[in-house]
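Engineer: okay, here's the prediction I keep looking at, along with the sequence it came from:
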Amino acid sequence: MLKGSSINLTNGLQSVPLKSLIGSVTHQIRTPLSSIMMSAGSLEQILPELFQAHKLAIEHNLLESDLNYSQLELLGSALPIMQQEIHRAFSFFTTLMQFIEKICMPVEALPTLNVQDSLDKVLKHHACAHELQLNSLHVDIKHDFLFKLAPIFIEEFLANCIDNSLRAIKHLGMGEIYIHTAQEDGHNCLYFKDTSKGMTTEQLEKIFSRYFRYKEQSINPGHGLCRLAFINAGIDVSCNSKEGEYTEFKLRFPSV
């Protein structure tokens with residue numbers, strides 16, 4: 001069993017303007033994808049006639065070929081799949097840019113939220129999805145406070161934490177979740193702790209490396225993107241864990 005391990009991930013945003021960097025990468029990828037999409041569309045229109053011509057040529061002994069018609073049909077069926085995957089890639093990059101727009105907003109332009117409302121919104125959703133397991137959840141928001149942040153990042157961060165904790169509790173067959181707030185050294189703090197299996201040092205070091213999660217056919221920000229949004233808004237993020245015992249996140253908010 002490891003001793004308590006912790007990692008702090010609040011060293012500031014990268015020196016390269018994030019919005020410009022992601023925008024440039026997105027443009028470089030979307031351009032060839034557009035060409036591939038157009039080519040696939042053209043092939044989808046042309047191939048049926050080519051397949052029919054190939055079939056007739058074989059039947060009239062005008063062509064010798066090792067390709068049978070089922071193989072050609074398989075090629076044709078691949079085109080819609082290709083187009084679907086390209087469409088998904090376009091949607092991903094569009095959503096990514098929307099997230100980056102929100103992350104790079106000046107703090108003064110961010111909406112003002114409060115902890116209780118943000119948490120209530122997340123718990124309302126999870127009350128339907130995880131009704132039985134939510135008996136393990138204990139919430140104590142005696143100190144409610146305001147903060148500035150795009151709502152999707154605090155909501156998805158809490159949702160990610162709850163989902164991960166409930167899965168761990170279900171797998172282990174034991175554990176509790178504790179969420180509470182406090183005032184410490186002039187800062188407002190939000191704590192999220194689960195007492196299931198904890199994390200290894202390696203897992204702890206990678207906890208913020210996941211930038212996206214796929215849920216209900218949509219792309220949502222993972223811990224990595226949420227962390228960037230927190231840092232931009234002046235919110236400190238830290239995670240402490242002891243394998244086999246607990247994992248605890250701490251968010252420290254500046255005064256609004």
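Structural biologist: Cool, got the structure.

Engineer: phi first, then psi, for the spatially most central residue of the chain.
Structural biologist: The residue lying closest to the centre of the chain (C-alpha atoms, centre = their mean) is Phe212, at 2.3 Å. Dihedral pair for Phe212: phi -140, psi 160, per degrees, to the nearest 10.

Engineer: residue ranges with poor pLDDT in the stretch 101-250 of the chain?
Structural biologist: Where the stretch 101-250 of the chain drops to pLDDT under 70, the residues are 127-134, 216-217.

Engineer: cutoff 80 now
Structural biologist: 125-135, 214-218 (pLDDT under 80).

Engineer: which residues in it form helices?
Structural biologist: 115-129, 151-172, 201-205, 223-232 (DSSP state H, counting those that start in this stretch).

Engineer: so which of those helices gets nearest Phe93?
Structural biologist: Closest approach to Phe93 among those (C-beta to C-beta): helix 223-232, 13.9 Å. For glycine as for every other residue, the C-beta is placed from the backbone atoms N, C-alpha and C.

Engineer: hmm, who's touching that closest one?
Structural biologist: With C-beta atoms under 8 Å, 6 or more residues apart in numbering as the test, helix 223-232 has contacts from 9-10, 12-13, 18, 99, 102-105, 107, 149-150, 153-154, 156-157, 160, 207-212, 221, 236-237, 251.

Engineer: tell me which of those residues fall in strands.
Structural biologist: If you go by DSSP state E, those have Phe212, Pro221, Asp236, Val237, Leu251 in strands.

Engineer: which of these ranks first by neighbour count?
Structural biologist: Pro221 (26 neighbours; other C-beta atoms under 10 Å).

Engineer: tell me how far the closest residue in space to that residue that isn't next to it in sequence lies from Ser218.
Structural biologist: Among residues not flanking Pro221 along the chain, Glu156 sits closest, at 5.0 Å (C-beta to C-beta, 6 or more residues apart in numbering). Distance of Glu156 to Ser218, computed by C-beta to C-beta, to the nearest Å: 11 Å.
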